[in-house]
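Participant: prediction below, plus the sequence it came from.
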Amino acid sequence: MPARDVRRTIDAVWKLESARIIAGLTRMVHDVGRAEELAQDALVAALEQWPESGVPDNPGAWLTAIAKRRAIDHIRRSQRLERKHEQLAHELEQQQAPARDDVLRLMFLSCHPVLPTEARVALTLRLLGGLTAEEIARAFLVNEQRIARRVAGAKRTLAGKRVPFELPDDSELTERLSSVLGVIYLIFNEGYSATSGDDLIRPGLCLEALRLGRMLAQLAPYEAEVHGLVALMEIQASRSATRIGPSGEPVQLHEQNRGRWDQLLIRRGFTAMLRARQIGGAPGRYVLEAAIAVCHAQARTAEDTDWAKITALYEALARLLPTPVVQLNRAVALGMAQGPQAGLALVDSLAADRTLQDYHLLPGVRGDLLARLGRYGEARLEFERAASLTRNVAERAFLHRRADEIAVTGTSEVTLAEAVQGFLGRGDLDAGTIRSYGQTLRRLRLTLGDRMPLASLTSDQVAEVFATAWGEAAAKTWNRHRSAVRSFGAWASLGHLAAGLDRRPEPPSRTEAIGAAQLKALWSRPGLPLRERVLWRLLHESAAGVTAVLSLNVENLDLDDRRARVGGTWVNWRSETARLLPLLVGGRTQGPLFLADRRPGPSRMPAEADLCPETGRRRLSYARAEYLFKGATKSLDPAGNGYTLRQLKLCFDTRTGMNP
């Protein structure tokens, strides 16, 4: 057999057998990381030997035997007890029956709740899917190093938490099984409707999720929810070929050519659903979702769809899983069963939910319902807003086309986006203010849509955005965003915009100054960078605000009089700052006094006022300066958190004008 064919055979065998091999090794060595390494050793042996000796008659058994011998060698080197050797020798004689339980144990282990969701997904695809870090990274559009870190971190967590390689007992089986099902469905959904990138569908992830689901159904044949998930994925996958148009655009369910739906997958889905019903019990999430998919699959045309039954199923699902996303899906069904006004009422009741504020399907669904009601101007704005929220290129283009298909009169009006750009583009705002105002106004644009006519913006709409985005925020945060809206409204001659936003009382500051002993230790610390030493001394000696000090420019310094003008005020300093400042300035004659470490990239160029014309570096940001100071003072802070720059400023005694 040619070497290339042998390599393809090895890849296929590894895909089919790796989960069982790693599972068996994990039971032997009690360390999933070590088990994967031993399995990889067997794979390397196959790559070395099979091109010359040929592919064995039973390649899976060959890999298993090599891997177990490596495991025995590893344990012997670790000087385990003799009875462990006897136990392992017995393992080699065992039949395949325990291997099924081992794979199920491995599935529960890789999806253990102690791991974050992203780590569960990566580890499951690595151990049970046999995918390399490069393949997983390519599927999720991230770099390979990030996936490798997730997998390595997951293994360390499992080892550090001493998570046992065993099946969960009855008391925690439901929760643990739910975690496994959730990971498999997450993998499927990312393949079926990609959240980012250029393509709407990633078939490889769909197929991998289906394989894992079918495997789980064989390993846990008496769990209705497992068969429900398999049924759901089989039926959804049956529509894959019709979900994308000739140009890669999404095709909505009611517009799909049902004659091209994969009937084999539909039959497999019906069979899995029948098995779930035979097992009985109260229907869970996946059984209910599969029942909805069955309703769609049974309808010969879109008009034949039993929307009343689907609505009832969504109502049952909402009682079981009362999440905003389920309610949004229920609104779609309600709009089809009882009319768009009924669906719109439910959608509007979800608008204040924070979990949906950046979910592109909320304005997408609302746009559909508004268009059906003939409210085309509002529908266009919703489609535009949905397009701005999605990270998938194909879906964004589709939503823009839907918006452009709607003819709207009066398009010469100034839009919210245009007004915001004009407001932030003024020459009298410093970089910090632009950043602060920009955060507030970006949220208005995301929630209300870039193309909203500025003249139609109301205080009630602004109040709704605030209630959703910052309703539970601290008073200081609320007031900062309120101030931004007031300034924007005054500039745009819309002084009423903040009418529904009352200023919240802010609790008095309890920030304490840094103690004299800690200050002395800080100043005497060797090796402090010159920039940080000057900044900290200047804050300490001047009692000026951090923002004001970071806004200083070289050309505004009066080194002889030990002062500099910032806006309408003066910043004064004392001897130690006076000694250090000339060293920091060097030969520069203009530009920001405190500079960042690196030059900005082409896509992140700051305003001209924040860029040094002599070095090409940007002004040091407040966030970076704060981070450096907290890091440098962690060892001095009794609480171990590090101090803030504002605490350093407070070290100046305002009653006497002296430092403690």
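Facilitator: All right, it came through fine. Just so you know, these numbers come straight off a predicted model, no measurement behind them.
Participant: just for the stretch 101-250 of the chain, where's the confidence low?
Facilitator: 141, 196-198 (pLDDT under 70).
Participant: ok, the chain next?
Facilitator: 1-3, 77-100, 141, 196-198, 407-412, 509-511, 601-604, 650-660.
Participant: tell me, what residue is most central in it?
Facilitator: Nearest to the geometric centre of the chain sits residue 118, at 8.8 Å (C-alpha atoms, centre = their mean).
Participant: give me the nearest residue to that residue, chain neighbours excluded.
Facilitator: Once flanking residues are discounted, residue 118 sits nearest to residue 150: 5.9 Å by C-beta to C-beta, 6 or more residues apart in numbering. C-beta: built from backbone N, CA, C; applies to glycine.
Participant: may I see the buried residues of the one helix or strand that neighbour maps to?
Facilitator: Under the criterion of DSSP states H and E, residue 150 resides in helix 144-160. Within helix 144-160, the residues that count as buried by 16 or more other C-beta atoms under 10 Å are 147-148, 150-151, 153-155, 157-158.
Participant: that older thread, how far away is the residue nearest to the centre of the chain from residue 527?
Facilitator: 38 Å (C-beta to C-beta, to the nearest Å).
Participant: list the residues that contact residue 7.
Facilitator: With contact set as C-beta atoms under 8 Å, 6 or more residues apart in numbering, residue 7 has these partners: residue 47.
Participant: are we agreed that it is in a helix?
Facilitator: Yes: counting by DSSP: H, G, I helix; E, B strand; the rest coil, residue 7 is part of a helix.
Participant: and residue 130, which of the three is it?
Facilitator: Three-state call for residue 130 (three-state DSSP): coil.
Participant: contacts only, for it.
Facilitator: 14-16, 18-19.
Participant: inside helices: which ones of those residues?
Facilitator: 14-16, 18-19 (DSSP state H).
Participant: phi, psi of residue 453?
Facilitator: Dihedral pair for residue 453: phi -60, psi 130, per degrees, to the nearest 10.
Participant: for the stretch 301-450 of the chain, which segments count as strands?
Facilitator: 391-392 (DSSP state E, counting those that start in this stretch).
Participant: go on, the stretch 101-250 of the chain?
Facilitator: So, for the stretch 101-250 of the chain - with DSSP E, counting those that start in this stretch - the strands run 196-197.
Participant: still on that earlier bit, so which of the ones in helices among the contacts of residue 130 comes closest to residue 537?
Facilitator: residue 18 (59.9 Å; C-beta to C-beta).
Participant: what is the neighbour count of residue 231?
Facilitator: 31 (other C-beta atoms under 10 Å).
Participant: hang on, I meant residue 476
Facilitator: 11.
Participant: give me the nearest residue to it, chain neighbours excluded.
Facilitator: Using C-beta to C-beta, 6+ apart, the closest residue to residue 476 is residue 506 (5.4 Å).
Participant: residue contacts, that neighbour?
Facilitator: Counting by C-beta under 8 Å, 6+ apart, residue 506 has contacts 475-476, 479.
Participant: any idea how far it is from residue 645?
Facilitator: 20 Å.
Participant: swap in residue 389?
Facilitator: 35 Å.
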